[in-house]
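*Asks:* all I have is the shape, not the residue letters:
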């Protein structure tokens, strides 16, 4: 656990040196049930991607990858709200449908416990398969973002932290100082109340609130960590009872109170809807990962690109939110899959995405140490991300156990019920703690 936390701390050391501010399409995979194909020496890898600005842009590099390697990419890309279920279904079959998958910490436990992805240790140790320059640009802690029993399973693609996005113009109109944004949850709540103006179609804040895909639990985790919550005890060991503690009650209260100053229909909002509400000027604030900053800064799509500000939370912990690539355990083409993992996390792709403004969470030290890196990142964003990364962020915000999907489902229902006034937070969280304990006892995780 300590090693996983250290990855964000180590990233900070290079970020502060100058951080923050192609090609053709692959073949979109229409039928995810297609098997990996091989025509003569030509290999086609099946890849599933969670859709965001970075991965949509990544598709533009697939033709170049084919030119360089002869390997074709047959891809499927979909919104995060439906991605998790589709990816899990495709990997759980005896005949796995994908060679490469993306994952966040939320689904890592399911992939590892199911034996659906393979250790990368044999490839990392093989100098004939692993490019030395590629390996030198990734820190040990970055390569340990998905580690179990001394085995590493994933190559990181990007890393973000949770931040507050806010509209400086709307702050000024409401009499708030845009140069001194709220940095605690209590201050965010007070600002949301002052900024809320439903009679004129303006609201204080947007966020992930839908139960679909357990999306509301990602925001809740941000709130929980900001309130001082953690899965660890004082000795750094996992303590699952923490989910029923006082910090969880406080986080649930904030989750429910934010609903009072949000748009009608917030309970159906995933990150896409929350982001859209903010970038169209419907809401004055938005809480989410810094990885989405490129969307808001895109003047072709965002109405608030010139007015957006970024702020870190100064209480509790930030969460480090990596997306990573993993290799299927039953892929028929592991060496080719390993080439793909190195390519998408390599210097050339990451640097080009940084230069285009798409990639706001590069993971490579050689990219972050580039002398011109500061030209490509927003200064306010740099400060917010640096602060979050410097103050002991937690990347293992949903521990990598198979039961975590079920735990998140229980949590999603409880916090939604509190937000709707069906339960008070103390009762809901107390019940949640009991349910989680029973679930873990059932599976032998705890005694």
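*Replies:* Happy to help now that I have it. A quick note: this is a predicted structure, and the numbers were derived from the prediction, not measured.
*Asks:* going forward, measure contacts between C-alpha atoms and count neighbours the same way
*Replies:* Noted.
*Asks:* show me what contacts residue 238?
*Replies:* Residues in contact with residue 238, defined by CA atoms under 8 Å, 6 or more residues apart in numbering, are 231, 232.
*Asks:* show me what it bridges to in the sheet.
*Replies:* Assessed by DSSP bridges, residue 238 has beta-bridge partners residue 232.
*Asks:* same check, this time on residue 148
*Replies:* For residue 148, the beta-bridge partners are residue 151 (DSSP bridges).
*Asks:* what is the neighbour count of it?
*Replies:* Residues contacting residue 148 under the criterion other CA atoms under 10 Å number 13.
*Asks:* go on, residue 264?
*Replies:* For residue 264, the count of nearby residues is 13 (other CA under 10 Å).
*Asks:* over to residue 424?
*Replies:* Look at residue 424: counted by other CA under 10 Å, it has 18 neighbours.
*Asks:* give me the phi and psi for it.
*Replies:* When read as degrees, to the nearest 10, the backbone of residue 424 gives phi -90, psi 160.
*Asks:* what about it, distance to residue 368?
*Replies:* In this view, residue 424 and residue 368 are 46 Å apart by CA to CA, to the nearest Å.
*Asks:* phi, psi of residue 323?
*Replies:* Dihedral angles for residue 323 - degrees, to the nearest 10 - are phi -110, psi 140.
*Asks:* where do the helices sit along the stretch 101-250 of the chain?
*Replies:* Secondary structure of the stretch 101-250 of the chain, counting by DSSP state H, counting those that start in this stretch: helices at 105-113, 121-124, 132-136, 140-143, 168-173, 185-195, 216-226, 246-258.
*Asks:* flag the shaky bits of the chain, pLDDT-wise.
*Replies:* Scanning the chain for pLDDT under 70 picks out 1-41.
*Asks:* need the longest strand for it.
*Replies:* Ranked by residue count under DSSP state E, the longest strand found in the chain is strand 154-167.
*Asks:* what's the spacing between it and its chain's center?
*Replies:* 6 Å (CA atoms, centre = their mean, to the nearest Å).
*Asks:* tell me what it is packed against?
*Replies:* Using 3 or more CA pairs under 8 Å, 6 or more residues apart in numbering; DSSP states H and E as the contact test, the elements touching strand 154-167 are helix 140-143, strand 283-289, strand 308-311, strand 320-327, helix 334-344, helix 379-390.
*Asks:* list just the one of these that sits closest to residue 68.
*Replies:* Residue 68 lies closest, by CA to CA, to one member of these: helix 334-344, at 10.2 Å.
*Asks:* who touches that closest one?
*Replies:* Contacts of helix 334-344 (CA under 8 Å, 6+ apart): 43, 45, 58, 65, 71, 99-100, 123, 129-131, 134, 155, 157, 325-327, 349-350.
*Asks:* tell me the buried residues in stretch 270-287?
*Replies:* For stretch 270-287, the buried set under the neighbour-count rule, 16 or more other CA atoms under 10 Å, comprises 270-271, 273-279, 281-287.
*Asks:* show me what contacts the closest residue to residue 224 other than its chain neighbours?
*Replies:* Excluding its sequence neighbours, the residue lying closest to residue 224 (CA to CA, 6 or more residues apart in numbering) is residue 251, at 4.9 Å. Shown in contact with residue 251 (CA under 8 Å, 6+ apart): 220, 223, 224, 227.
*Asks:* count of residues packed around the first one?
*Replies:* Other residues within reach of residue 220 by the criterion other CA under 10 Å amount to 21.
*Asks:* about what we covered before: which of the buried residues of stretch 270-287 lies closest to residue 407?
*Replies:* Closest to residue 407, out of all of these and judged by CA to CA, is residue 270, at 19.1 Å.
*Asks:* please report how far the closest one lies from residue 315.
*Replies:* Using CA to CA, we find residue 270 at a distance of 25 Å from residue 315.
*Asks:* now the end-to-end length of stretch 111-124.
*Replies:* Stretch 111-124 has an end-to-end distance of 20 Å (CA to CA).
*Asks:* now the buried members of the contacts of helix 334-344.
*Replies:* By 16+ other CA under 10 Å, the contacts of helix 334-344 give 43, 45, 58, 65, 71, 99-100, 130, 134, 155, 157, 325-327, 349-350 as buried.
*Asks:* residue contacts, the nearest residue to residue 419 once chain neighbours are set aside?
*Replies:* Excluding the flanking residues, the one nearest residue 419 by CA to CA, 6+ apart is residue 256, at 4.2 Å. Counting by CA under 8 Å, 6+ apart, residue 256 touches 415, 418, 419, 420.
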